[in-house]
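Engineer: Sequence first, predicted coordinates after that:
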Amino acid sequence: MSYFLLLAVNGLVVGLIYALVASGLTLVFSVLKVVNFGHGSLYMLGGYASYYLISGLGLPPLLGVVGAMVTLFVFGVVFERLVIAPMYTDKVERKDEYAIIVTFGLTILITNLALVVFGPFAKSPPSFMTGALIAGPLILPYDRLIAAVAAVVLLVGLSLFLKRTALGQALDAVSQSRESAAVIGIDPKRMYTVAFGLGSALAGGAGALIAPVFALSPSMGDLPAVQAFIIIVLGGMGSVGGSVAGGVLLGLVQALGVGYLPDPNRALAYTQAFGALLLVITLLVRPTGLFGRPHLRLE
Amino acid sequence: MPADPFFAVAGLAKHFGGIHAVEDLSFTLARGEILGLIGPNGSGKTTTINIVTGALKPDAGSISVEGSDMAGQAAHLFARRGVARTFQVPRLFRRMTVMENLIVPALSDASERRPSAEERARGVLAFLKLEHLADDYARALSGGQQKLLELGRALMLKPSLLLLDEPFAGVHPKLLEQIIEHIRTLNRDGHTIVLVDHNLDAVQSIVSRVLVMARGRKIADGAVAEVLQNPEVVRAYTGSRAGAQ
């Protein structure tokens, strides 16, 4: 039982970080109808941003996370205005293909720039707090605990923002019908910019929160990006709530699957296989995902 | 034509490839006027509504709202200028409640706070007799109720010009009477309204002036009784040279 608890808690922590990454991806997808293939590189940039804010400017680690989110928000806004925005004009004929190419291009560019600028060797920012929470058989390092709690705070904040604020409801309106939103005075293009900025900030925040737990490297965003795609399909595309449920479920299934695999020497190699298996089974049973509906919206 | 019209369209044109959806369309509206925009299917009525609310950019022509040329501007700028519309098939925020559907447009104006938006929304719901549905999701409403809610959503913009695209289509006769009465009341209260519909009886019962379009062009504009006797209008509707029935 204690072994199960240990695996489940670790799965939950990783799942919450996955959920944070996937929520940003969902936000962008719901509002812009763009699949951001560069989302993983924003996660990586968030990790490095917090590292340099903490080690360069001497910010406390949690403020470094906030700083990374602000930095990534600004980066997302600028990228959307300069690179994504032409998609809404008549200058771009094949809009879907354009979005795929520029977001893939973002990943290639940023990952390779990171290799040059940050170097190929792993970096690790200081801990949020050294030591571990010990409760009976459960041992949970404070870094993981703080990352999980911060992820919950951010996800609850996102949910309240979308439901309770004028800007959040405007984003929701655009995600449901950009034409209807426009005729009631909402500028859809402004909402695209806000959504891309927020999605980038969420990815960056996740990268910054996980930075003290796992080492930073230019390719660190590749795997979370793939997980995020699995999660948004798993949770039902366009649903932030579904992304949270999907993220937590994926984290738990991976942790428990690896933990109980009979051959411990090969167990870690199967981590991704458990995610893929979960996705296949879910889609066989519910083709629209856990919370999916025929059309998309933010929830 | 009024010397200083509240709303004026001049030389409006919109082509889709070789199709002239709207061609050289001009008309004016005085403040507080109600105009019926009618014509057979494919005559360009909805395209006209789409252009004068910013959903489509015109190929030529001007659209003046209280003296400012708005041609080619984005839809949200028309809405902020007080030009509100409804659609043939209601386009509500289906996964928001009735109340949320009314509050969102109010809050798109940064100067309005939520308590005031909620109070106005309750007023609109009372006017439309939809108070009992405030917490229901928009998707759960009947077709007629959705039309009423969309009218309410437009009213939340405090519009100076309301463009109603087929408000009577597919509506239960009982609700039809209610919608007609609401439109009359809104016009009595000073709203300028453009009403597009195929239900000529309903249109005639509300408006005193109609503009008739056929094949993208204006073919008549004037008093209802006079226009409906116009041989060109009769031809457009019947495809024959028979007199008005």
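Structural biologist: Alright, I've got the coordinates. What you see is a predicted model, and the numbers here were worked out from it, not measured in a lab. Numbers count the residues shown, from 1 in each chain, chains lettered A, B, ... in the order given.
Engineer: interface residues of chain A facing chain B?
Structural biologist: A:166, A:169-170, A:172-173, A:176-177, A:179-188, A:297, A:299 (Cβ under 8 Å from any Cβ of the partner chain). Bear in mind the C-beta positions are built from the backbone N, C-alpha and C, glycine included.
Engineer: 7 Å instead, please
Structural biologist: A:166, A:169-170, A:173, A:176-177, A:179-180, A:182-187, A:297 (Cβ under 7 Å from any Cβ of the partner chain).
Engineer: quick one: which of the residues you listed sit in helices?
Structural biologist: When the residues of chain A next to chain B are checked against helices (DSSP state H), the matches are A:166, A:169-170, A:173, A:176, A:179-180, A:182-183.
Engineer: got those as CSV, with pLDDT and distance to A:Gly131 columns?
Structural biologist: As requested, these are exported to CSV (pLDDT from 0 to 100; distance: Cβ to Cβ, whole Å):
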residue, pLDDT, distance to A:Gly131
A:Ala166, 92, 43
A:Gln169, 94, 42
A:Ala170, 95, 44
A:Ala173, 95, 46
A:Gln176, 92, 47
A:Glu179, 92, 54
A:Ser180, 94, 53
A:Ala182, 95, 53
A:Val183, 94, 56
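Engineer: Show me which of these are buried.
Structural biologist: A:166, A:169-170, A:173, A:176, A:180, A:182-183 (16 or more other Cβ atoms under 10 Å in any protein chain shown).
Engineer: which residue ranges form the helices in chain B?
Structural biologist: B:45-52, B:75-80, B:98-107, B:114-128, B:143-155, B:173-188, B:200-206, B:224-228, B:231-238.
Engineer: Report the distance from the helix-or-strand element of chain B with minimal mean pLDDT to the chain centre.
Structural biologist: Within chain B, no helix or strand scores below helix B:231-238, which has a mean of 83 by mean pLDDT, DSSP states H and E. The chain centroid and the centroid of helix B:231-238 are separated by 23 Å under Cα atoms, centre = their mean, to the nearest Å.
Engineer: ok, and for that helix, which residues are buried?
Structural biologist: Buried residues in helix B:231-238 (16+ other Cβ under 10 Å): B:233-234, B:236-237.
Engineer: State the number of residues packed around the residue of the stretch 1-150 of chain A found nearest chain B.
Structural biologist: The minimum distance from the stretch 1-150 of chain A to chain B, using Cβ to the nearest Cβ, falls at A:Asp90 (9.6 Å). A count of neighbours around A:Asp90, defined by other Cβ atoms under 10 Å in any protein chain shown, yields 7.
Engineer: What of A:Leu268?
Structural biologist: 11.
Engineer: and if you look at the one 10 residues further on?
Structural biologist: Residue crowding around A:Leu278 was assessed by other Cβ under 10 Å; the count is 20.
Engineer: Excluding residues flanking it in the chain, which one is nearest it?
Structural biologist: A:Val253 (4.9 Å; Cβ to Cβ, 6 or more residues apart in numbering or on different chains).
Engineer: was I right about that neighbour contacting A:Ala276?
Structural biologist: No. A:Val253 lies out of contact with A:Ala276 (Cβ atoms under 7 Å); the separation is 10.5 Å.
Engineer: So between these two, which is more surrounded?
Structural biologist: Set A:Val253 next to A:Ala276 and count neighbours by other Cβ under 10 Å: A:Val253 wins out with 20 against 12.
Engineer: list the helices and strands the host helix or strand of that one packs on?
Structural biologist: Using DSSP states H and E, A:Val253 sits in helix A:240-260. Under the contact criterion of 3 or more Cβ pairs under 7 Å, 6 or more residues apart in numbering or on different chains; DSSP states H and E, helix A:240-260 touches helix A:2-32, helix A:142-164, helix A:222-235, helix A:271-285.
Engineer: average model confidence for the shortest one?
Structural biologist: Meaning helix A:222-235. Per-residue pLDDT over helix A:222-235 has a mean of 88.
Engineer: list the buried ones in it?
Structural biologist: Buried, per 16+ other Cβ under 10 Å, within helix A:222-235: A:222, A:224-225, A:227-235.
Engineer: Return the member of these nearest to A:Ser2.
Structural biologist: Nearest to A:Ser2 among the buried residues of helix A:222-235 is A:Gln227, at 27.0 Å by Cβ to Cβ.
Engineer: in terms of contact, does the closest one touch A:Leu250 like I think?
Structural biologist: Yes. Counting by Cβ under 7 Å, A:Gln227 touches A:Leu250, with 6.4 Å between them.
Engineer: shared neighbours, these two?
Structural biologist: Common neighbours of A:Gln227 and A:Leu250, using Cβ atoms under 7 Å, 6 or more residues apart in numbering or on different chains, are A:18, A:275.
Engineer: Any figure for the gap between the residue lying closest to A:Pro188 once chain neighbours are set aside and A:Val31?
Structural biologist: Nearest residue to A:Pro188 in three dimensions, chain neighbours excluded: A:Arg178, at 4.4 Å (Cβ to Cβ, 6+ apart). To A:Val31, A:Arg178 is 9 Å away according to Cβ to Cβ, to the nearest Å.
Engineer: And these two? Which one has more around it.
Structural biologist: More crowded of A:Arg178 and A:Val31, by other Cβ under 10 Å: A:Val31, with 30 against 19.
Engineer: Check which helix or strand the closest residue in space to the more buried one that isn't next to it in sequence maps to.
Structural biologist: In space, and not counting its chain neighbours, A:Val31 is closest to A:Ala195: 3.7 Å by Cβ to Cβ, 6+ apart. Taking DSSP H and E as the definition, A:Ala195 sits inside helix A:188-210.
Engineer: Please read off the pLDDT at B:Leu107 from the model.
Structural biologist: 90.
Engineer: which non-adjacent residue is nearest it?
Structural biologist: B:Leu107's closest residue in space is A:Ala166 (Cβ to Cβ, 6+ apart), at 3.8 Å.
Engineer: looking at it, that neighbour is touching B:Asp109, isn't it?
Structural biologist: No. With contact defined as Cβ under 7 Å, A:Ala166 does not count as touching B:Asp109 (9.3 Å).
Engineer: give the contact list for B:Leu161.
Structural biologist: Contacts of B:Leu161 by Cβ under 7 Å, 6+ apart are B:7, B:82-83, B:192.
Engineer: Name whatever forms a beta bridge with it.
Structural biologist: B:Val83, B:Thr192 (DSSP bridges).
Engineer: Model confidence for it, exactly?
Structural biologist: Checking the pLDDT column for B:Leu161, the value is 94.
Engineer: repeat for A:Thr71
Structural biologist: On the pLDDT scale, A:Thr71 gets 97.
Engineer: What strand or helix carries it?
Structural biologist: helix A:61-79.
Engineer: which residues touch the helix holding A:Val253?
Structural biologist: Counting by Cβ under 7 Å, 6+ apart, A:7-8, A:10-12, A:14-16, A:18-19, A:22-23, A:26-27, A:155, A:158-159, A:162, A:227, A:230-232, A:234-236, A:267-268, A:270-271, A:274-275, A:278, A:289-292, A:298-299 sit against helix A:240-260.
Engineer: What about the closest residue in space to A:Val102 that isn't next to it in sequence, how many residues nearby?
Structural biologist: Ranked by Cβ to Cβ, 6+ apart and with sequence neighbours excluded, the top spatial neighbour of A:Val102 is A:Val83, at 5.2 Å. With neighbours defined by other Cβ under 10 Å, the count for A:Val83 comes to 17.
Engineer: can you pull the pLDDT of residue 243?
Structural biologist: Chain wasn't specified; assuming chain A. Value for A:Ser243, per-residue pLDDT: 88.
Engineer: my question was about chain B
Structural biologist: 41.
Engineer: just A:Leu298 next, same as before
Structural biologist: Value listed for A:Leu298 in the pLDDT field: 53.
Engineer: same question, B:Lys158
Structural biologist: Confidence score, pLDDT, at B:Lys158: 91.
Engineer: Repeat that for B:Asp201.
Structural biologist: At B:Asp201, pLDDT is 83.
Engineer: same check, this time on B:Gly42
Structural biologist: At B:Gly42, pLDDT is 87.
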